[in-house]
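# Sequence first, predicted coordinates after that:
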Amino acid sequence: MSAISSNVNNNVNGNGGSIESAIDRITSDALAASSASQKDFILSSTWQGSKSGYYFGTTSQRGTGYYIDIYSKQQLSPSASHSNRKRPRDDTRVNGNGDAEANDRKRKVRFGQDQIKFISPKPSKPNSAHLLQHAKQLLKQAEEKQESLNIKTLDLSRGPASLKAFIKNLTKSIAKNELLRVEHPEDPSVFMESEVALYEDISALQDLAANVEYFHEFVKFGAVDQLLALLGHGNNDVALAVIKLFIELLDPGLFTGGDIKSKEGMAALMAAFVGSGSSGGAGLVIEVLARLKDGEEEEMKGIDAILTLVENLMDLDQLGTLRLAISFENDKDDGAVANSYISVASVVCQSTSFVAYLVEKIGEGGAHVWSIAAKLHASELLATILQHEDSQTCLANLSLLKPMSAHAESNDDRVPAKKQIEQPPIDGIECLLQCVAAFRKRDPSSEEECEYLENVFDALTASLLNEKNVEEFLVRQGIELMLRCINERLHSGFGAMKVLFYAVSGPVARKSFFYKKAAESFVDAGGFRSLFPICMGKRSAIPKPSINCDAGNISLLRKYADLNKQNDDEKKKKMSKKMKQVVGGSRDWYHTIEMNAIQILYSLTRHLDENSPNDAKARLLAKFIENDCEKCDRMIELCLKYDKKMRQAEYLYFKSDEAEDAEANGIVDLAALNAKLEGGGELFYRVCAVIAFAAAGSKRCHHYLMEQLRTQSSGIGLIKAGCEEFISVLDDGDHRNQLITYLKNI
């Protein structure tokens, strides 16, 4: 155990060689015991403590007691110091007559009335000579010996009674270890054995994950509070053992794949974990991060385990475990005050510095230490937290995040207040923009980097749902950086389009100052030069996917192009699953870019007005007139395209079984509207709003649009119908009034 090694080494360095003196004392005692006359066997029904030169065990001939350990005696004697004779396996012992006795039964250690079974693994190789010459060699020998010992498992043969007895023994192990640590703080060799035993007890509880029906009793017996208290243990390995235990117990798969009783047990365990302490179990788990170092491999595994546990908590919360637990508690007629629901995201954002930690590590703070796999995991969790609805209120300003170290120091009572140094806040917006800037002129070099970059963009777009973050985004020239990424025509341009869409959109019901300012900044930064070529569908202007993602797999796309020359039946037979995935990814790539371009253009028509600086609205209207109104032609093309898709989606819906179910429930109109929006209606309504903007703002555009619609066997009535349907789904506000004004003018 790395933490045990660290503790002992520190004491060796700072205690004047106390370990070496202890080794000499142990060796001299063993030699003295081997030379004295000893009995072959001492009868004892229970463990009475260690006896020099003996081992405690049970055989079929003599029963339970202390047997003389002649191999230990031979190993310590001078005549055997240079012998190469190997020690026999642990399951074979030698009696006083020199005969080997094989333990035909499994040995057991008794705790009260319960038994914890042991499983004997393969024996480790014998240690090399002279291991007792140095403290580090002694530790290595102890760790190897511990690995060769038996592994504890949880025995639930007597049901809840066995679990209760095990938890009582766990309580005793915790108390024993705490007492030894208090009495001998400078001598880790005293409490090392109790610490290893405590670690094994915690690890054995992982078997409880296969018995979800006992989760209620696990909570009832107070195990959760005891285990969470161990997260502050001085040995990091003990704290990480608790974290690994809860990773197994709080696995979302146990909730989704279980029956009603299992879900109730999971809900009870989740509520007990999250509701423990002021910041809950999530807060206690996150505090362990401040004690782990990035550069050490074992501690990096611990960091990954903490991220996994927080991810499990977020997933279980999304599945409704906390709400389910609260409903069970409120249904009890015991007169207690009804509990209120608080999401895990709220606890993480308000009571911890976890978001600051993640932002710092995925950025330059972890660039030289964290692997891409670790940064991918952290970025995925960060995006999940920021996309939660509660984070919009809990993280009002992502540019002023409290650092993890400052959070840890503020809770340390041992450090005087005057010595606590206030660290500057972490600028989350700046860190995310730096992560994006690293890929401005290069494509991701692996599939993991592609996913990492996508997570960074998702986190950035989620933060822009808060107006204060939009302000900070503009101050740090986020608009300009996104446009540079688009102009490079590389992989990062895909995510940059999404960020710009969120930056200039804002709430639908009202106009916002900062989103309006973002739209005006987009125009001032030359956004028209990047936006309109994409709106026109020019492939040379559209960002290209990296070859390390599905959408950029050129070899499979070329094979698919060759298959298109054959008939449909042969093409379907020759298309592999991977090819279908690549083709679908390529289509989604270009469709998403087109969708974001339409959304950005539509948002510009919403926010730009006569008061916008540098004649932004007039410049936008001029774009629809230039080059013989080619933008108007493109808007009509897109309008007819998505109108057709919307009608087809509506038709297919009414032919499906879902329509019959919706009609039986009385929600057929709402369900049909949802099918239309998902099938293309959302983009159809926005294209109609853009066309109405151009027609209402320019007589030339109005005349040209009517003529072109007439040549397409349509008319301005299509645009009016689209705007009217759009108005019907909007709430009262500035946007709705703007569309009504368009209808009057056209």
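Done, it's in.

# Validate this expectation: Ile42 resides in a strand.
Yes: applying DSSP: H, G, I helix; E, B strand; the rest coil, one finds Ile42 inside a strand.

# nearest spatial neighbour of it, skipping sequence neighbours?
Beyond its immediate neighbours in the sequence, the residue positioned closest to Ile42 (C-beta to C-beta, 6 or more residues apart in numbering) is Tyr66, lying 4.2 Å away. C-beta coordinates here come from the backbone N, C-alpha and C atoms, glycine included.

# So in terms of bridging, what pairs with that neighbour?
Listed by DSSP bridges, the beta-bridge partners for Tyr66 are Ile42, Phe56.

# That one: neighbour count?
The burial metric for Tyr66, expressed as a neighbour count using other C-beta atoms under 10 Å, is 22.

# quick one: contacts for it?
Counting by C-beta atoms under 8 Å, 6 or more residues apart in numbering, Tyr66 touches Phe41, Ile42, Ser44, Gln48, Lys51, Tyr54, Tyr55, Phe56.

# Just the buried ones out of those residues, please.
Phe41, Tyr54, Phe56 (16 or more other C-beta atoms under 10 Å).

# For the stretch 301-450 of the chain, which residues score under the pLDDT cut-off?
Counting by pLDDT under 70, the stretch 301-450 of the chain contains low-confidence residues at 330-339, 364-368, 405-421.

# where exactly do the strands run in it?
Taking DSSP state E, counting those that start in this stretch to define them, one finds no strands in the stretch 301-450 of the chain.

# re earlier: compile the contacts of Tyr66 into a markdown table and extend it with columns for distance to Gln477 and pLDDT.
A markdown table is the format used below for the contacts of Tyr66 (distance: C-beta to C-beta, whole Å; pLDDT from 0 to 100):
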| residue | distance to Gln477 | pLDDT |
| --- | --- | --- |
| Phe41 | 83 | 80 |
| Ile42 | 81 | 83 |
| Ser44 | 78 | 83 |
| Gln48 | 75 | 78 |
| Lys51 | 75 | 79 |
| Tyr54 | 76 | 80 |
| Tyr55 | 72 | 77 |
| Phe56 | 72 | 78 |
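
# Just flag the most distant two among these.
For the contacts of Tyr66, the maximum inter-member distance is 13.9 Å, found between Phe41 and Gln48 (C-beta to C-beta).

# Mind putting the buried ones among the contacts of Tyr66 into CSV with distance to Ala672?
Rendered in CSV, the data for these read as follows (distance: C-beta to C-beta, whole Å):
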residue, distance to Ala672
Phe41, 86
Tyr54, 83
Phe56, 77
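
# Identify each of the strands in the chain and give its residue range.
Chain-ordered strands for the chain, with DSSP state E as the definition, fall at 41-43, 54-59, 63-68, 92-94, 100-102, 108-111, 114-119, 151-152.

# what's the top helix by length along the chain packed up against?
The helix spanning the most residues in the chain, taking DSSP state H as the definition, is helix 616-655. The contact analysis (3 or more C-beta pairs under 8 Å, 6 or more residues apart in numbering; DSSP states H and E) places helix 616-655 against helix 513-524, helix 527-535, helix 577-607, helix 668-676, helix 682-697, helix 699-711, helix 716-729.

# can you do 10 Å?
Counting contacts by 3 or more C-beta pairs under 10 Å, 6 or more residues apart in numbering; DSSP states H and E, helix 616-655 packs against helix 513-524, helix 527-535, helix 577-607, helix 657-665, helix 668-676, helix 682-697, helix 699-711, helix 716-729.

# Could you single out the most deeply buried of the ones you listed?
Mean neighbours per residue, mean count of other C-beta atoms under 10 Å, is largest over these for helix 682-697, with a mean of 24.

# mind exporting that helix as PDB, just the C-alpha atoms?
Taking C-alpha atoms only, helix 682-697 is exported to PDB below (Å, rounded to 0.1, in the frame of the first residue of the first chain):
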ATOM      1  CA  GLU A 682     -37.900  23.800 -35.900                       C
ATOM      2  CA  LEU A 683     -35.600  24.800 -38.700                       C
ATOM      3  CA  PHE A 684     -38.600  25.500 -41.000                       C
ATOM      4  CA  TYR A 685     -40.000  28.000 -38.600                       C
ATOM      5  CA  ARG A 686     -36.700  29.800 -38.300                       C
ATOM      6  CA  VAL A 687     -36.100  29.900 -42.000                       C
ATOM      7  CA  CYS A 688     -39.600  31.400 -42.400                       C
ATOM      8  CA  ALA A 689     -38.700  34.000 -39.800                       C
ATOM      9  CA  VAL A 690     -35.500  34.900 -41.700                       C
ATOM     10  CA  ILE A 691     -37.400  35.300 -44.900                       C
ATOM     11  CA  ALA A 692     -40.000  37.400 -43.200                       C
ATOM     12  CA  PHE A 693     -37.200  39.600 -41.800                       C
ATOM     13  CA  ALA A 694     -35.800  40.100 -45.300                       C
ATOM     14  CA  ALA A 695     -39.200  40.700 -46.900                       C
ATOM     15  CA  ALA A 696     -40.300  43.200 -44.300                       C
ATOM     16  CA  GLY A 697     -37.000  45.100 -44.300                       C
END
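
# what's the model's confidence in it, averaged?
Over the span of helix 682-697, the pLDDT mean works out to 95.

# got it, and stretch 589-597?
Along stretch 589-597, the predicted confidence averages to a pLDDT of 96.

# contacts for it?
486, 491, 493-502, 530-537, 539, 541-545, 549-552, 588, 638, 641-642, 680, 682-683, 686 (C-beta atoms under 10 Å, 6 or more residues apart in numbering).

# So what's the residue count around Lys511?
With other C-beta under 10 Å as criterion, Lys511 counts 15.

# From Gly159, how far off is Asn211?
Computed as C-beta to C-beta, to the nearest Å, the Asn211 to Gly159 distance reads 10 Å.

# more neighbours, those two?
Between Asn211 and Gly159, counted using other C-beta under 10 Å, the more crowded position is Asn211 (16 against 12).

# burial count for the closest residue in space to that one that isn't next to it in sequence?
On the basis of C-beta to C-beta, 6+ apart, the spatially nearest residue to Asn211 that is not a chain neighbour turns out to be Leu156, at 6.0 Å. Taking other C-beta under 10 Å as the neighbour definition, Leu156 ends up with a count of 18.

# Many thanks, have a good one.
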